[in-house]
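# model this:
(2 chains)
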Amino acid sequence: MSAVKIASWNVNSVKARLPHLLAFLADEAPDVVCLQETKCPAADFPRLELKAAGYTVEAIGQPAYNGVAILSRRPAEDLLSGLPGDSADEQARYIEASFGELRVASLYLPNGNPVDSDKFPYKLAWMDRLVRHGERLLEREIPFVLAGDYNVCPSDDDVYDPVAWAGDALCRIESRDRFRALLYLGLTDAFRIFHPEAHRYTFWDYQAGRWNRDEGLRIDHLLLSPFATDRVAACDIDRKPRGKERASDHTPIWCELEL
DNA sequence: ATGGTAGCCTTGCTA
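Sure thing, here's the model as predicted:
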């Protein structure tokens, strides 16, 4: 039995955030790190610097937008690139891999704004695909973690100003319904096992001094399968990286599994 | 106060 620390972080460009990412790896020594919004084609990923820090990289990407990766101390196995269910979807938003019996996904769920554009139905369809894929994963009866930027505030407790955000794609009932559908499958929001309190955030907008006012959103989540929930020992949000100069607008969330 | 900031194969788009 050993402890495995899994972190998820929307870095808003892996190249721009490389110094902070290397500091996070050195300070927190996570075993697996799921990154989102790498904004970096796989061929351009800063693998050498991460290898020097002790991590191997599995990444998919595209120029300027999206991009997800999994960093790990041990090599990834049985890689899945892209969320099943729509072979025409070319946005780099989902990667999944195994580490022994543990399976980990790094996902960047579509933002969905503005809600009167085609971006909102794309978000909802993507979530429907994630629910279906979650069902398939559960059939395997293994511990797994679906980690990433879900672009969903599960409840008003996860929003600094629920009234102002009520119509936003991150808070709309259609988005919350589908997030809840993931929970109804049997997945568990790891953060809420340990932290029932309201107004704990993972994202603060760059604008209007949101970080300094602690006006944020909880949109980065670790969803655990039942076998993973049985083994989770801790989960928390690490606010330190958000307070640095040239920070991402998101900060890491992590959990520890006793496997 | 109808703005503000950050990143990018930048002059607009996405968040």
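
# Tell me which helix or strand residue A:136 sits in.
Following DSSP states H and E, one finds residue A:136 within helix A:119-138.

# residue boundaries of the helices in the stretch 1-150 of chain A?
The residue ranges that make up the helices of the stretch 1-150 of chain A, judged by DSSP state H, counting those that start in this stretch, are A:18-28, A:47-52, A:119-138.

# of the ones you listed, which approaches DNA strand B most closely?
Each of the helices of the stretch 1-150 of chain A was checked against DNA strand B via Cβ to the nearest atom of the strand, and the shortest separation belongs to helix A:119-138, namely 5.9 Å. All C-beta atoms are positioned from the backbone trio N, CA, C, and that covers glycine.

# CA atoms of the helix holding residue A:136 as CSV?
Extracted as CSV, the C-alpha positions of helix A:119-138 are listed here (Å, rounded to 0.1, in the frame of the first residue of the first chain):
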residue,chain,number,x,y,z
LYS,A,119,-20.8,26.7,-28.0
PHE,A,120,-23.4,25.9,-25.4
PRO,A,121,-25.0,22.9,-27.1
TYR,A,122,-21.4,21.7,-27.8
LYS,A,123,-20.7,21.9,-24.1
LEU,A,124,-23.8,19.9,-23.2
ALA,A,125,-23.2,17.3,-25.9
TRP,A,126,-19.6,17.0,-24.6
MET,A,127,-20.9,16.4,-21.1
ASP,A,128,-23.4,13.8,-22.3
ARG,A,129,-20.4,12.0,-23.9
LEU,A,130,-18.5,12.2,-20.6
VAL,A,131,-21.5,10.7,-18.8
ARG,A,132,-21.6,7.8,-21.3
HIS,A,133,-17.8,7.3,-21.0
GLY,A,134,-18.0,7.4,-17.2
GLU,A,135,-20.5,4.5,-17.4
ARG,A,136,-18.0,2.5,-19.5
LEU,A,137,-15.2,3.2,-17.1
LEU,A,138,-17.3,2.1,-14.1
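
# what does that helix contact?
Residues from elsewhere that reach helix A:119-138 (Cβ atoms under 8 Å, 6 or more residues apart in numbering): A:83-86, A:89, A:93, A:103, A:107, A:109-114, A:144, A:146, A:151, A:169, A:172, A:174-175, A:178-179, A:181-182, A:185-187, A:223, A:225-226.

# Please identify the buried residues of it?
Using 16 or more other Cβ atoms under 10 Å as the burial criterion, the residues of helix A:119-138 that qualify are A:120, A:122-124, A:126-127, A:129-131, A:133-134, A:137-138.

# coming back round to it: and the contacts of helix A:119-138, which are buried?
Looking at the contacts of helix A:119-138 with 16+ other Cβ under 10 Å, the buried ones turn out to be A:83, A:89, A:93, A:103, A:107, A:109-113, A:144, A:146, A:151, A:169, A:172, A:175, A:178-179, A:181-182, A:185, A:187, A:223, A:225-226.

# Filtering the residues you listed by proximity to DNA strand B, which remain?
The overlap between those and the neighbours of DNA strand B (Cβ under 7 Å from any atom of the strand) comes to A:110, A:111, A:113.

# leaving aside the residues next to it on the chain, what's closest to the last one?
Pointing back at residue A:113 there. Counting by Cβ to Cβ, 6 or more residues apart in numbering, residue A:113 lies nearest to residue A:169, which is 4.5 Å off, once chain neighbours are set aside.
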